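S.K.: Generate coordinates for the sequence data below:
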Amino acid sequence: MIRKLISRVFRGNKNKGNRHEPAVIPVSSHGITRDRLSSGSRRTCETLQAEGFKAYVVGGAVRDLLIGADPKDFDVATNATPEEVRRCFRRSRIIGRRFQIVHVMMGQEVIEVTTFRGTLDETTKKDEHGRVLHDNVFGSQAEDAARRDFTANALYYDPTTETVIDYHHGVGDLKARTLRMIGEPRARYREDPVRMLRAVRLAAKLGLSIDPEAKKPIREMAELLENVPAARLFDEMLKLLTSGHSVKCITQLRDEGLHHGLLPLLDVILEQPLGEKFVMLALASTDERVRRGKGTSPGFLFATLLWHEVLAHWDKMKAKGEAKIPALFQAMDTVLDVQGEKLAITRRIAGDIKDIWALQPRFEQRAGKRPYALLEQPRFRAGYDFLLLRAQAGEIDMELVEWWTRFQNAEGDKRAEMLLPEAAGDKKKRRRRKKPANATPQASDA
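M.R.: You can find the predicted model right below:
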């Protein structure tokens, strides 16, 4: 019996290319018990299995559990079609065009359920470069495993038996700290050029080395990224920047030659010598927040990445004689109009960015009622954190940040004592705005 068990566990080593004979690894070898899954993913699998379907927690969640990390999401793969999955769960909906998936709502948790994908053939719709455009082709579990990008992502966990199904030696590659592509890398990159970005992100995030066969074509095939829709590139770059390892990812993307027009966002980060220190501080701060389990804001992140472009335009507008605040708003609009189309920045994120930028001159006003009003602003904390980064980068004096740190933590009279004297010009402006108590409307000439 023991000899048979060992044979089953390591069968994948002998039959590495045989997609139909996966290694079935028991919990005694991999150590993942069902209680480490989210309750929603566990219940989703159990419900589908009770209806007679196969269902597994798949991909990144299994990979992360094997290396001792906390998964961000728990996705499920099944042989049930999207319509069959939809009928099994009252709170669910089918989404997606390129490949249909089902979102199953389990309490506050949303589980992404995908049907096993089938093998691509000559009928698969592709563009002239080989990128897959339409992919609602369903198949077997073995075919689904072969369609996944990296061996570390082609792992299936069955909550009922607590076994890991491994078709492509993914567990062994994880132990060897190697990120290996399933299939021929050039063909896989042509099918989906975003896999080049994903390889860099996963290698940095998981501390893996990209297999030389998968790494070599990246520089040669980088231009394929020009054919990927801007919105999809934006989503992938956002994942990279909020991975907790953005500085390492950015450095590796540059090393692989994935910039200079191929990734507009990367150009923004790398090609601004005056703002490089500021941007790298912002990315390091974001990485630290992710590692500490704190949330990140796309609006804040992009406000930092584009700030020095705004500064450059702001200085030009002021040099032309434009007043300070109107010049800032013109500079903000100019930068967002230019970059918004390239980076596919949504209207909501653009609004957040502008709010943070618009607060910066207001931090200079430390007299009268204005500091109190600024504290009440919904974006005050984001604006203050942005101000702190500017001071750390040497753009402004740290004394301003220290004053606001003390002011927001002070109370009552102590806060009032910190206010600076109002400038004479400010007092005159306020008196002009006040209407005298005995003023009466003047009659119209008509």
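
S.K.: hey, where'd the helices end up in the stretch 151-300 of the chain?
M.R.: In the stretch 151-300 of the chain, helices defined by DSSP state H, counting those that start in this stretch lie at 170-175, 185-191, 194-206, 212-221, 230-241, 246-255, 264-270, 276-291, 298-319, listed in chain order.

S.K.: Would you tell me which of those gets closest to residue 92?
M.R.: With Cβ to Cβ as the criterion, residue 92 lies closest to helix 230-241 of the helices of the stretch 151-300 of the chain, at 22.7 Å. Glycine gets a C-beta too; all of them are placed from N, C-alpha and C.

S.K.: Any buried residues in that closest one, and which?
M.R.: Buried positions in helix 230-241, judged by neighbour count with 16 or more other Cβ atoms under 10 Å: 233, 234, 236, 237, 238, 240, 241.

S.K.: from the residues you listed, which single one is nearest residue 337?
M.R.: Closest to residue 337, out of all of those and judged by Cβ to Cβ, is residue 234, at 16.3 Å.

S.K.: For residue 342, see how far away the closest one is.
M.R.: Plainly put, residue 234 is 9 Å away from residue 342 if you go by Cβ to Cβ, to the nearest Å.

S.K.: As JSON lines, the buried residues of helix 230-241 with distance to residue 355 and pLDDT would be great.
M.R.: Below are the buried residues of helix 230-241 laid out as JSON lines (distance: Cβ to Cβ, whole Å; pLDDT from 0 to 100):
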{"residue": "233", "distance to residue 355": "25", "pLDDT": "82"}
{"residue": "234", "distance to residue 355": "20", "pLDDT": "83"}
{"residue": "236", "distance to residue 355": "26", "pLDDT": "85"}
{"residue": "237", "distance to residue 355": "22", "pLDDT": "83"}
{"residue": "238", "distance to residue 355": "19", "pLDDT": "87"}
{"residue": "240", "distance to residue 355": "25", "pLDDT": "86"}
{"residue": "241", "distance to residue 355": "20", "pLDDT": "86"}
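
S.K.: Farthest-apart pair in these, please.
M.R.: Farthest pair in these (Cβ to Cβ) is 233 and 241. Separation: 12.2 Å.

S.K.: Pick out the residue closest to the middle of the chain.
M.R.: residue 239 (2.4 Å; Cα atoms, centre = their mean).

S.K.: from what I can see that residue touches residue 202, true?
M.R.: No - using Cβ atoms under 8 Å as the test, residue 239 is too far from residue 202 to be in contact (10.1 Å).

S.K.: related to what we said a few turns ago, ok, now which ones touch the residue nearest to the centre of the chain?
M.R.: Contacts for residue 239 (Cβ atoms under 8 Å, 6 or more residues apart in numbering) come out as residue 201.

S.K.: On the pLDDT front, check it for me.
M.R.: pLDDT for residue 239: 87.

S.K.: For it, give its distance to residue 397.
M.R.: Taking Cβ to Cβ, one finds residue 239 at 36 Å from residue 397.

S.K.: what about the residue nearest to residue 243 when sequence neighbours are not counted, how many residues close to it?
M.R.: In space, and not counting its chain neighbours, residue 243 is closest to residue 205: 4.9 Å by Cβ to Cβ, 6 or more residues apart in numbering. Neighbour count of residue 205, defined by other Cβ atoms under 10 Å: 20.

S.K.: Might one say that residue 205 is in contact with residue 246?
M.R.: No - counting by Cβ under 8 Å, residue 205 does not reach residue 246; the two are 9.9 Å apart.

S.K.: so what sits against both of those two?
M.R.: In contact with both residue 205 and residue 246: no residue, using Cβ under 8 Å, 6+ apart.

S.K.: mind listing what the nearest residue to residue 403 once chain neighbours are set aside touches?
M.R.: The shortest distance from residue 403 to any residue other than its chain neighbours is 6.4 Å, reached at residue 366 (Cβ to Cβ, 6+ apart). By Cβ under 8 Å, 6+ apart, the residues touching residue 366 are 403, 407, 418, 419, 420.

S.K.: For stretch 385-392, which outside residues touch it?
M.R.: The contact list for stretch 385-392 (Cβ under 8 Å, 6+ apart) reads 278, 281-282, 285, 300, 303-304, 307, 356, 359-360, 363, 396-398, 400-401, 404.

S.K.: Quick one: buried ones out of these?
M.R.: With burial judged by 16+ other Cβ under 10 Å, the buried subset of the contacts of stretch 385-392 is 278, 281-282, 285, 300, 303-304, 307, 356, 359-360, 363, 396, 400-401, 404.

S.K.: For residue 162, see how far away residue 28 is.
M.R.: According to Cβ to Cβ, residue 28 and residue 162 sit 9 Å apart.

S.K.: Among the two, which residue is more densely surrounded?
M.R.: For residue 28 and residue 162, the more surrounded residue by other Cβ under 10 Å is residue 162, and the numbers stand at 19 against 9.

S.K.: Was I right to think the more buried one contacts residue 35?
M.R.: No - if you go by Cβ under 8 Å, residue 162 and residue 35 don't touch, sitting 9.9 Å apart.

S.K.: can you list the weak-confidence ranges in the stretch 51-200 of the chain?
M.R.: Where the stretch 51-200 of the chain drops to pLDDT under 70, the residues are 98, 120-136.

S.K.: Not counting sequence-adjacent ones, nearest residue to residue 219?
M.R.: Leaving out its chain neighbours, the residue that sits closest to residue 219 by Cβ to Cβ, 6+ apart is residue 257, at 4.5 Å.

S.K.: related to what we said a few turns ago, contacting residues for the residue nearest to residue 243?
M.R.: Residue 205 neighbours (Cβ under 8 Å, 6+ apart): 243, 244, 245, 249.

S.K.: pLDDT value on residue 376, please?
M.R.: 95.

S.K.: tally of neighbours for it?
M.R.: Counted with other Cβ under 10 Å, the neighbours of residue 376 add up to 7.

S.K.: Report the separation between residue 61 and residue 155.
M.R.: Residue 61 is 9 Å from residue 155, by Cβ to Cβ.

S.K.: how about the helix or strand hosting residue 110 as CSV, C-alpha atoms only?
M.R.: Assessed by DSSP states H and E, residue 110 sits inside strand 109-115. Output of strand 109-115 as CSV, limited to C-alpha atoms (Å, rounded to 0.1, in the frame of the first residue of the first chain):
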residue,chain,number,x,y,z
GLU,A,109,-17.8,36.7,-0.4
VAL,A,110,-17.9,36.6,-4.3
ILE,A,111,-16.5,33.3,-5.7
GLU,A,112,-15.4,33.3,-9.3
VAL,A,113,-16.4,29.9,-10.9
THR,A,114,-15.0,28.9,-14.3
THR,A,115,-15.9,26.0,-16.5
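
S.K.: helices and strands around it, which ones?
M.R.: helix 39-50, strand 75-78, helix 82-88, strand 101-106 (3 or more Cβ pairs under 8 Å, 6 or more residues apart in numbering; DSSP states H and E).
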